[in-house]
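In: Sequence and predicted structure, then a few things I'm wondering about:
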Amino acid sequence: MSDKFQAVVIGGGPGGYVCAIRLSQLGIKTACIESRGSLGGTCLNIGCIPSKSLLNLSEDFNKVQNLSSKGIEIGEVKLNLSKMMKSKDKAVTILTKGVEFLLKKNKVTYFKGTGSFKSKNEIFIKDEKNKETLIQADKIIIATGSLPISLPSIKFDEKVIISSTGALKLEKVPKKMVIVGGGYIGLEMGSVWSRLGTEVHVVEFLDHITPGMDKEISNEFMKILKKQGINFHMQLKVDGVKKNESGAIVSTTDKNGSKKDFECNVVLISVGRKPNTNGLNLEKIGIKLDEKKRVKTNKSFQTNLNNVYAIGDVIAGPMLAHKAEDEGIAVAENIAGQSGHVNYDTIPGVIYTTPEVASIGKTEEQLKKLNIKYKIGKFSFMANSRAKAIDDAEGFVKILADEKTDKVIGAHIIGPHAGELIAEIGVAMEFGASSEDIARTCHAHPTFSEAVKEAALSVDKRAIHS
Ligand SMILES: Cc1cc2nc3c(=O)[nH]c(=O)nc-3n(C[C@H](O)[C@H](O)[C@H](O)COP(=O)(O)OP(=O)(O)OC[C@H]3O[C@@H](n4cnc5c(N)ncnc54)[C@H](O)[C@@H]3O)c2cc1C
């Protein structure tokens, strides 16, 4: 007899494991299947966590070299890359083991193996040794995440032609790296390697980086990254990548048809990610995909089969860990008969470069397109006393509020701790706050968060410190 569960989650990433824990908390007998051999998905193993670890360590390396100008002399600073990588790997291991502990603590049954549908209520699990186990479930949640995309006929070897996964484990600092794509993953990895000594060249098809971001912030971001030594080559189409003895040649064409080649040691292809439905056998049970091959769901995360749901990177919406987690909680609550829901208007996005970039809600460009009248409040970190005190004053806070009601409808920050500061605006937006609500909230002094308050004051042209 095969084991029977009330719910089975396929995929142990931030969407899947969070969903499994919430299901179990709600009294539902749950199993979670993960093929990677460790829990936490892309995020913990090859995404958010290792990238943030390397961003932090490379920033420390960079900072420490510049301390003498501030009166702190510490002699020669040397890089030990393999030790740095071990420190990153340690963080990953601690966190993935932590998730395993959480599943156990919450009485979720964890299956190590690859899950595929036998029928709409049965899943085959194949483990490392090809041993197959069949389990049954009333409800099944697909949380199988996403995979990096390459360019046509260019294959990742993860040594010379790399995806973000290879960029997180290079064994030596490349002399020259070309990054195809100016999105957040490419720019984070570019920052890491640039700080460690690589000459970084970003080749981008569009005329701006970080597509979808508020244009004013994106322009400022590119200016700052250029000052840090990252080179940008805009409006170039990559025609191909050819490996040679020293690395590779990236050939491109500009909008006028002129050709340009870039020689480098390593090429990072960072042009986006695609939903991962490999091997699930979805065709067999008739689960429908959308035009981008994502699992099609309704507002309750239900697929066209009423006992099968999907969440996270494998469905529509921003490919972000916290979006996947929130969907995991919402679907678990829906399955338990509650009213789970995700507010897609208040999902923050953060880029963990220096300075950080964070945004929530609508951009100016979106508001114009939607014909929504808005007011803008802006405040520069140059006028923020904490930022000045620690000589970290690049960037600004921008708040967008409805012209009539003053309700906050978007916020965009580039500057120190932007990723933390955006949370205050998220709470404000969830409560339908106006810019005046933020402006009248007492903020501690001296903090970076005072820049948020001043930007809110500036919506009605009454900022004090500018
Ligand atoms: C370099 C990088 C940096 C990132 N940084 C950030 C960041 O800072 N913040 C942020 O919010 N997001 C970040 N992301 C995105 C984030 O990692 C994803 O949005 C998030 O992991 C999606 O969660 P998920 O649960 O949907 O899928 P995943 O995390 O991809 O998890 C899916 C899991 O399912 C497993 N699986 C797949 N098929 C099967 C199967 N048939 N059977 C069993 N298991 C299966 C996979 O092995 C995987 O572990 C980053 C991504 C990358 C690549």
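Out: Yes, it's here.

In: all contacts plus neighbour counts: C-alpha atoms, from now on.
Out: Noted.

In: So, low pLDDT: which residues of the chain?
Out: Counting by pLDDT under 70, the chain has low-confidence residues at 1.

In: Show me which residues of it are close to the ligand?
Out: Neighbours of the ligand within the chain, by CA under 6 Å from any ligand atom: 10-16, 33-36, 41-43, 47-48, 51, 113-116, 143-146, 164, 185, 279-280, 312-314, 319-322, 324.

In: how about 5 Å then?
Out: 11-15, 33-36, 41-43, 47-48, 114-115, 144-146, 164, 312-313, 319-321 (CA under 5 Å from any ligand atom).

In: Please convert the buried members of those residues into PyMOL selection syntax.
Out: Typed into PyMOL, the line below selects the buried ones among the residues of the chain next to the ligand, using 16 or more other CA atoms under 10 Å:
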select buried, resi 11+12+13+14+15+33+34+35+36+41+42+43+47+48+114+115+144+145+146+164+312+313+319+320+321
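
In: Give me the subset of the residues of the chain next to the ligand that lies in strands.
Out: Counted as lying in strands by DSSP state E, out of these, are 33-34, 114-115, 146.

In: could the residues you listed be laid out in CSV, adding distance to residue 189?
Out: Shown next, in CSV, are those (distance: CA to CA, whole Å):
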residue, distance to residue 189
33, 30
34, 27
114, 30
115, 32
146, 18
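
In: which residue ranges form the helices in the protein?
Out: With DSSP state H as the criterion, the chain has helices at 14-25, 41-46, 48-65, 81-105, 164-167, 184-195, 215-227, 282-285, 321-335, 364-369, 385-389, 418-430, 435-439, 450-459.

In: Settle this for me: residue 304 is touching residue 297, isn't it.
Out: Yes: between residue 304 and residue 297 a contact is recorded at 7.1 Å, counting by CA atoms under 8 Å.

In: Show me which of these two is the more surrounded one.
Out: The residue with more neighbours, out of residue 304 and residue 297, is residue 297; 21 against 16, by other CA atoms under 10 Å.

In: how far away is the more buried one from the ligand?
Out: Residue 297 sits 14 Å away from the ligand, going by CA to the nearest ligand atom, to the nearest Å.

In: check contacts around that residue.
Out: Contacts for residue 297 (CA atoms under 8 Å, 6 or more residues apart in numbering) come out as 303-304, 309-310, 315.

In: 7 Å instead?
Out: Residues near residue 297 by CA atoms under 7 Å, 6 or more residues apart in numbering: 303, 310.

In: ok, residue 449 touching residue 421?
Out: Yes: in terms of CA atoms under 7 Å, residue 449 counts as a neighbour of residue 421; the distance is 6.2 Å.

In: At the geometric centre of this protein, which residue sits there?
Out: residue 320 (4.6 Å; CA atoms, centre = their mean).

In: Tell me the spatial nearest neighbour of that one, not counting adjacent residues.
Out: Once flanking residues are discounted, residue 320 sits nearest to residue 313: 7.2 Å by CA to CA, 6 or more residues apart in numbering.

In: doesn't residue 276 make contact with the one you found?
Out: No: Residue 313 is not in contact with residue 276 according to CA under 7 Å; the separation is 8.1 Å.

In: Overlap of the contact sets of these two?
Out: 145-146.

In: Residue 466 - how many residues pack around it?
Out: Look at residue 466: counted by other CA under 10 Å, it has 14 neighbours.

In: quick one: contacts for it?
Out: Contact analysis of residue 466 by CA under 7 Å, 6+ apart lists residue 383.

In: show me the contacts for the nearest residue to residue 321 once chain neighbours are set aside.
Out: Distance criterion CA to CA, 6+ apart; nearest residue to residue 321, sequence neighbours excluded, is residue 14 at 5.9 Å. By CA under 7 Å, 6+ apart, the residues touching residue 14 are 40-41, 43, 321, 324-325.

In: Which single one of the residues you listed is nearest to residue 396?
Out: Minimum distance to residue 396 across the contacts of residue 14 is 25.7 Å, recorded for residue 321 (CA to CA).

In: measure that closest one to residue 49 for me?
Out: Computed as CA to CA, to the nearest Å, the residue 321 to residue 49 distance reads 11 Å.

In: between the two, what contacts are shared?
Out: With CA under 7 Å, 6+ apart, residue 321 and residue 49 have common neighbours residue 43.

In: picking that back up, can I get the contacts of residue 14 in a markdown table with distance to residue 157?
Out: Conversion of the contacts of residue 14 to a markdown table gives the following (distance: CA to CA, whole Å):
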| residue | distance to residue 157 |
| --- | --- |
| 40 | 24 |
| 41 | 21 |
| 43 | 21 |
| 321 | 26 |
| 324 | 29 |
| 325 | 31 |
